[in-house]
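Engineer: Pasting a predicted model and its sequence here:
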Amino acid sequence: MAEYFFLSQLQPLTPTHAIRVKVVSKWNTMRGGIPQHCVMVLGDEKGFTMEATLPDDVYLPKGIYLEEGDWFEIYNFKLRPSFALIRTTRSKYNIKFTDTTVLTKIEPIIASNFLCLANFSSVLKGLLHPMYSIDLCGAIVAVGELQQIGDLGPGEIYSYQTTRMEFYLVNIGLKHIKCVAYGKEAVTLNNYYRTSTAKVDLCVLRSWSIVWGEGGFNYVTNLEGGSQILFDHDMAEIQNFKSK
């Protein structure tokens, strides 16, 4: 039986890889509007996270579905350096599934949601590295209009892929952080906020990127494919928040 490794222990030259991880989030990379590779963030029982890639030419075994929130035992995969300019995890490696990768669904090991909430002051002061995405929690205020940007295709009246929406998050200390949502997340925010009847609209921005302007912080924005915006009803099951 293969020895189990924690994600932080994985090295490219480790002869046998076997891990037990949760699918924290999952998305498809796009090229010309067509889904390409499936990318996901995996988390282990120690709270460490790492990105993984399922290439478009590699197929999962029959009956295996990598759904968000599910745990898997994974054996026989490749480990390669991560060269992304902005990363959803702090790991310097990326797991790549192959035709010989073995996946077995298992019972959950821990109940962690793998959120690590950034401090507003640290973001505003520029103390967080812009290479790594952040998680933020706050109340939504000062929401702008949904804007259509860029050129539409022939016959298109609307495209969520070219939408933009500005808003602010405010924390308990009344510090404001400017945010800009693009694409699907902009539409999701607009649909929620325009129909919400809550007195205070709380949300979590998962895996958002810091954008720097002249002289320092400018705003945070969602990454292509890898970001999520979670609202009150999504957070009903979220516990064990951690602060950086």
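Structural biologist: Done, it's in. Residues are numbered from 1 along each chain as shown.
Engineer: Where does pLDDT dip in this structure?
Structural biologist: Counting by pLDDT under 70, the chain contains low-confidence ranges at 1-2, 14-16, 30-35, 150-161, 233-244.
Engineer: Domain-wise, how is this protein divided?
Structural biologist: Taking automatic domain parsing as the domain assignment, the record places the domains of the chain at 7-106, 116-243.
Engineer: tell me which strands and helices the longest strand anywhere in the chain is in contact with?
Structural biologist: For the chain, the strand with the greatest residue count under DSSP state E is strand 18-31. In terms of contacts (3 or more CB pairs under 8 Å, 6 or more residues apart in numbering; DSSP states H and E), strand 18-31 is packed against strand 34-43, strand 71-75. C-betas here are computed from N, CA, C, even on glycine.
Engineer: mind listing what it pairs with, with the direction of each?
Structural biologist: Strands that pair with strand 18-31, judged by DSSP bridges, come out as strand 34-43 (antiparallel), strand 71-75 (antiparallel).
Engineer: contacting residues around the helix or strand that the first one is followed by?
Structural biologist: Scanning the chain past strand 34-43 towards its C-terminal end, the next helix or strand to appear is strand 49-54 (assignment: DSSP states H and E). By CB atoms under 8 Å, 6 or more residues apart in numbering, the list of residues contacting strand 49-54 from outside reads 7, 10, 24, 37-43, 60, 66, 77, 82, 84, 87-91, 93-97, 114.
Engineer: and with 6 Å instead?
Structural biologist: Contacts with strand 49-54, where a contact means CB atoms under 6 Å, 6 or more residues apart in numbering, come from 7, 37-43, 89, 91, 94-97, 114.
Engineer: swap in stretch 64-79?
Structural biologist: The contact list for stretch 64-79 (CB under 6 Å, 6+ apart) reads 2, 10, 12, 17-20, 22-23, 25-26, 93, 95-97, 100-106, 108.
Engineer: And the buried ones among the residues you listed, selectable in PyMOL?
Structural biologist: What follows is the PyMOL syntax selecting those of those that are buried according to 16 or more other CB atoms under 10 Å:
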select buried, resi 10+17+18+19+20+22+23+25+26+93+95+96+97+101+103
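Engineer: In JSON lines, list the strands paired with strand 18-31 along with mean neighbour count and distance to F167.
Structural biologist: Putting the strands paired with strand 18-31 into JSON lines (neighbours: other CB atoms under 10 Å; distance: least, CB to CB, whole Å) gives the following:
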{"stretch": "strand 34-43", "mean neighbour count": "18", "distance to F167": "24"}
{"stretch": "strand 71-75", "mean neighbour count": "18", "distance to F167": "34"}
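Engineer: longest helix anywhere in the protein?
Structural biologist: When secondary structure is assigned using DSSP state H, the longest helix within the chain turns out to be helix 183-195.
Engineer: hmm, back to that, Q148 is nearest to which of the strands paired with strand 18-31?
Structural biologist: strand 34-43 (22.0 Å; CB to CB).
Engineer: wait, doesn't Y192 sit right on L230?
Structural biologist: No. The pair Y192 and L230 fails to qualify as a contact (CB atoms under 6 Å) at a distance of 10.3 Å.
Engineer: same for the longest helix of the chain, what does it pack against?
Structural biologist: Judged by 3 or more CB pairs under 6 Å, 6 or more residues apart in numbering; DSSP states H and E, the packing partners of helix 183-195 are strand 163-170, strand 228-231.
Engineer: so which of these gets nearest G215?
Structural biologist: That would be, of those and by CB to CB, strand 163-170, which comes in at 19.3 Å.
Engineer: quick one: contacts of that closest one?
Structural biologist: Residues outside strand 163-170 that contact it (CB under 6 Å, 6+ apart): 136, 138-144, 146-147, 149, 176-182, 186-187, 189-190.
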